[in-house]
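Participant: I need the structure of the sequence given here:
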Amino acid sequence: MTRTWIWSALAVATVAGIAAVAGPREVAAADAAKPAYIGADACKKCHFKQNSSWKKTPMAQAFEHLKAGQSADKKTAAKLDPAVDYTKDAKCLKCHTTGYGTESGYPAVVEGKAFTPEEEARATLNATGSCEACHGPGSLYAPYKKDHKDYKRQAVKDLGLTTPPTAEQCAACHVKGGCPTMAADYAFDFEAAKKKAEGIHEHVPLKEKHE
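Facilitator: Got it, this is the predicted structure:
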């Protein structure tokens, strides 16, 4: 078991214990642990339809596009060498992974330094633009939602959930000049993007409003 998973497990256990005697906002205030990234497979357990839809989107293939031989036409047009492996390029990884350079996200690349086994595990977990790239690390809010079927939206927001994603989040990567393969006149329309299921994932209505 890696340190990341141990840390996540401890965070979940702490929140669960506090939740038994405190309200949502008190839980968030009392818990000293930071939310950690848990990976798309953890989200899939409760959001299978969204996950299946997401897998067909460019977001889900973000890391694959960095590999040698992938997206050759776009790379050539951008004057990049399609035979080069860009999966170790920090400039690319910032937007083609989840949580790049953070404690529980994709580990920062350091020239001449190989990933430790713990970092390899985090790299595997976060090697794409996953659910948590838009909705925030889920180690705290995911188990809370599972254990509280009638949860309130603000409660899970207090535990790190971003819903819906914000324009500022998207703009960190979807900005003109952010990637060599972007068109010269690239312009990101946040409102339009939210409505395009094919660009993110299918928007499946929740059974409850959770207001």
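Participant: Please make it C-alpha for all contacts and neighbour counts, starting now.
Facilitator: Will do.
Participant: helices and strands of this protein: which one bottoms out on pLDDT?
Facilitator: Between all helices and strands in the chain, the lowest mean by mean pLDDT, DSSP states H and E belongs to helix 3-19, at a mean of 39.
Participant: tell me the strands in this structure, going along the chain?
Facilitator: For the chain, strands defined by DSSP state E do not occur.
Participant: Now do the helices for it: every range, in order, please.
Facilitator: Using DSSP state H, the helices of the chain run over 3-19, 24-30, 40-44, 48-54, 72-77, 90-96, 117-125, 131-135, 141-147, 153-158, 167-171, 190-195.
Participant: what's the closest of those helices to Val204?
Facilitator: Minimum separation from Val204 across these (CA to CA) falls at helix 48-54, 6.8 Å.
Participant: what does that closest one contact?
Facilitator: With CA atoms under 8 Å, 6 or more residues apart in numbering as the test, helix 48-54 has contacts from 40, 43-44, 60, 198, 200-204.
Participant: where does the protein dip in pLDDT?
Facilitator: By pLDDT under 70, the weakly predicted segments of the chain are 1-32, 196-199.
Participant: Could you spell out which stretches of it belong to which domain?
Facilitator: Annotated domains of the chain cover 1-34+138-163, 37-133+166-211 [automatic domain parsing].
Participant: Can you verify my assumption that Val109 contacts Lys88?
Facilitator: Yes. The pair Val109 / Lys88 is scored as a contact, 6.5 Å apart, by CA atoms under 8 Å.
Participant: quick one: which of these two has more around it?
Facilitator: Between Val109 and Lys88, counting by other CA atoms under 10 Å, Val109 is the more crowded of the two (17 against 14).
Participant: who's in contact with the more buried one?
Facilitator: Each residue near Val109 by CA under 8 Å, 6+ apart is listed here: 88-90, 101.
Participant: Ala77 and Met182 touch, don't they?
Facilitator: No. With contact defined as CA under 8 Å, Ala77 does not count as touching Met182 (9.8 Å).
Participant: of those two, who's got more company?
Facilitator: Higher neighbour count among Ala77 and Met182: Met182, with 17 against 14, using other CA under 10 Å.
Participant: Now for Asn126, how many residues are close by?
Facilitator: When neighbours are counted by other CA under 10 Å, Asn126 registers 27.
Participant: Number of residues surrounding the closest residue to Ser71 other than its chain neighbours?
Facilitator: Distances taken as CA to CA, 6 or more residues apart in numbering put His65 closest to Ser71, at 5.7 Å, once the chain neighbours are dropped. Neighbours of His65 under the rule other CA under 10 Å: 20.
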